[in-house]
Structure formats: C-alpha cells, structure tokens
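K.L.:
predicted model and sequence follow; I will ask about them next.
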Amino acid sequence: MSSLQYEAPLPFDYRVVRSRRRRTAAIQIKGNLVEVRVPHWVTDDWVSGFVRERQAWVAQRLSIVVAQRDRHRLEVQDGASLPYRGGWIRLHWQPGAASGCELSGDTLIVGLSRRIRRPEATVAEEQVRGWLLDRAGEALPARLRHLASQTGLAPAGVAVRGFRRRWGSCDNRGRIALNWRLVLAEPGAADYVLIHELCHLRHFDHSPRFWQLVAQHCPDHRYWQDYLRERSCWLEW
Ligand SMILES: [Zn+2]
C-alpha cells in the first residue's frame, strides 16, 4: 500500500502553539478558534495526526459555538423580534409621511418616509439603532448613578458609546463608558457590566481583589459573563 494516503482536508483551521514547558498536547477552543498546544519537540505530522484523531470532537464543539452564535444573531426586519431589556419587541415597518420609531405595547413601529431614496432595510435599521441608542442614553447613565450610590463607587463621568469589542470601559481618570447595546441584554447582565466598571474605580486591573469586589456587589457575575459571551455577536451590529 502506498504511504501517500489521501487525507480529506479538515473542516476547520487550527493554530499550533509550541511550548518548551509543556509535556502533553491539548486542544483548546476559544470562540471559533482552535488552538493546539504541544511540547516544542513534536513534529508537524504528529500534530496533524493528533488533531485528526480528535476531529469529530472539535467539529462538534465548533458547531455548538456556531449554533449559539446563530441562536442569538439579531434579525432586524419587518415582523422580526428583537431582544430588549430581558424581553422582546416586535418590529413593524410602517410607510408614512415621516421616519421615526414609536413603541406601542411590545411592538416597535418603525415609520418609513415615502420619500426615502435609500434601501428601506438600511433606513429601518438606522431608525431602530437610533431608537435603542436613545433608550440607552436614558437608562444606562441613570442606572450607573444608582449603582454608584449603592456601592459607594462614584465615577468621574459617564458616556454611552458604540464599542465593537466590549460592553464597557473605565479609564484611569475614573470615566466610565457603556455600550448602548447593553439595552438589548437582560437588566442583570447590564448591571454586571456597570458594576464591573465601577469596581475598576477601586482596582484598576483584573486581580483577585478586583473579582472579589465584583462578586460582593454582583454574586451572579459568572453567569452574566457567560450570558454576554454567548451574545458577543451583538457587538458586531
Ligand atoms: Zn475590566
């Protein structure tokens, strides 16, 4: 038999991390990235064989990640539902004289001017984002002030921003910025982010002391971290 056996390409890419200290091989899946951590002396062929033997397991784990991402993917179109502060609002496009949004019960009526020249979907999405941004501007700073007085951690300032990679930030002058997309999340998840940033006012790092303080004010912080990680696709909207 020939030694040149045909090997089907793997359905995923992986990155190899060689280490002098490592004595065993392991596969780590972070989001949709596959990392193979191995001792420095193993050959590429050995790594390839190691991954192939575990191919089914890796593929299964990745499909779970993909399924989770899809499950929480936002759908902004007429008739779709959008997560909003722990509940859902139904989107309803309504052609009319002027563009604008109005919440009626749990339906967000998105008025679309007949004079718009751009694609309706683009304008409707802008309207929905604008409406959510306004709600975030009303709700998040007020909630931060409330939690600040409850915890005794007072920020130097607060702003609402559109970060693409994080839910909030705290700079070294004590100014906190919050992602407007937090209004999509359950109030508990938003509170966790607010408390996380407030705790940075005392510990400007992610040290054990920092996490102790977070846990003190938000005992469910691990649950909300997972919740937000599963919904990280919201940051891309
Ligand atoms: Zn932090």
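P.N.:
On my side now, so go ahead. Numbers count the residues shown, from 1 in each chain.
K.L.:
for this structure, which segments count as strands?
P.N.:
Secondary structure of the chain (DSSP state E): strands located at 15-19, 26-30, 33-39, 81-84, 87-96, 100-104, 107-113, 157-161, 168-170, 175-179.
K.L.:
just put the ones you listed in a markdown table and tack on mean neighbour count.
P.N.:
Where you see a C-beta, it was placed from the backbone N, CA and C, and this is true even at glycine. As requested, those are exported to a markdown table (neighbours: other CB atoms under 10 Å):
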| stretch | mean neighbour count |
| --- | --- |
| strand 15-19 | 12 |
| strand 26-30 | 13 |
| strand 33-39 | 17 |
| strand 81-84 | 16 |
| strand 87-96 | 15 |
| strand 100-104 | 14 |
| strand 107-113 | 18 |
| strand 157-161 | 15 |
| strand 168-170 | 20 |
| strand 175-179 | 22 |
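K.L.:
just put those in a markdown table and tack on distance to His221.
P.N.:
A markdown table is the format used below for the strands of the chain (distance: least, CB to CB, whole Å):
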| stretch | distance to His221 |
| --- | --- |
| strand 15-19 | 29 |
| strand 26-30 | 20 |
| strand 33-39 | 24 |
| strand 81-84 | 20 |
| strand 87-96 | 22 |
| strand 100-104 | 30 |
| strand 107-113 | 31 |
| strand 157-161 | 20 |
| strand 168-170 | 13 |
| strand 175-179 | 16 |
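K.L.:
tell me what the least confident helix or strand in the chain by mean pLDDT is packed against?
P.N.:
Taking mean pLDDT, DSSP states H and E as the measure, the helix or strand of the chain with the lowest value is helix 55-72, at a mean of 82. If you count contacts as 3 or more CB pairs under 8 Å, 6 or more residues apart in numbering; DSSP states H and E, helix 55-72 packs onto strand 26-30.
K.L.:
sheet partners, orientation included, of the strand it packs on?
P.N.:
Applying DSSP bridges to the sheet, strand 26-30 is found paired with strand 33-39 (antiparallel).
K.L.:
give me the contact list for the partner strand.
P.N.:
Outside of strand 33-39, the residues that reach it under the criterion CB atoms under 8 Å, 6 or more residues apart in numbering are 12-20, 22-29, 46-47, 50-51, 58, 62.
K.L.:
stretch 213-227 now?
P.N.:
Surrounding stretch 213-227, the residues in contact under the criterion CB under 8 Å, 6+ apart are 147, 150-151, 185-186, 188-189, 191-193, 195-196, 198-199, 202-203, 211.
K.L.:
for that stretch, list every residue counted as buried.
P.N.:
Residues of stretch 213-227 classed as buried under the neighbour-count rule (16 or more other CB atoms under 10 Å) are Leu213, Val214, His217, Cys218, His221, Trp224, Tyr227.
K.L.:
next: stretch 117-131.
P.N.:
By neighbour count with 16+ other CB under 10 Å, stretch 117-131 contains the buried residues Val123, Ala124, Glu125, Gln127, Val128, Arg129, Trp131.
K.L.:
what bits of the chain have low per-residue confidence?
P.N.:
Confidence mapping of the chain against pLDDT under 70 gives the ranges 1-7, 69.
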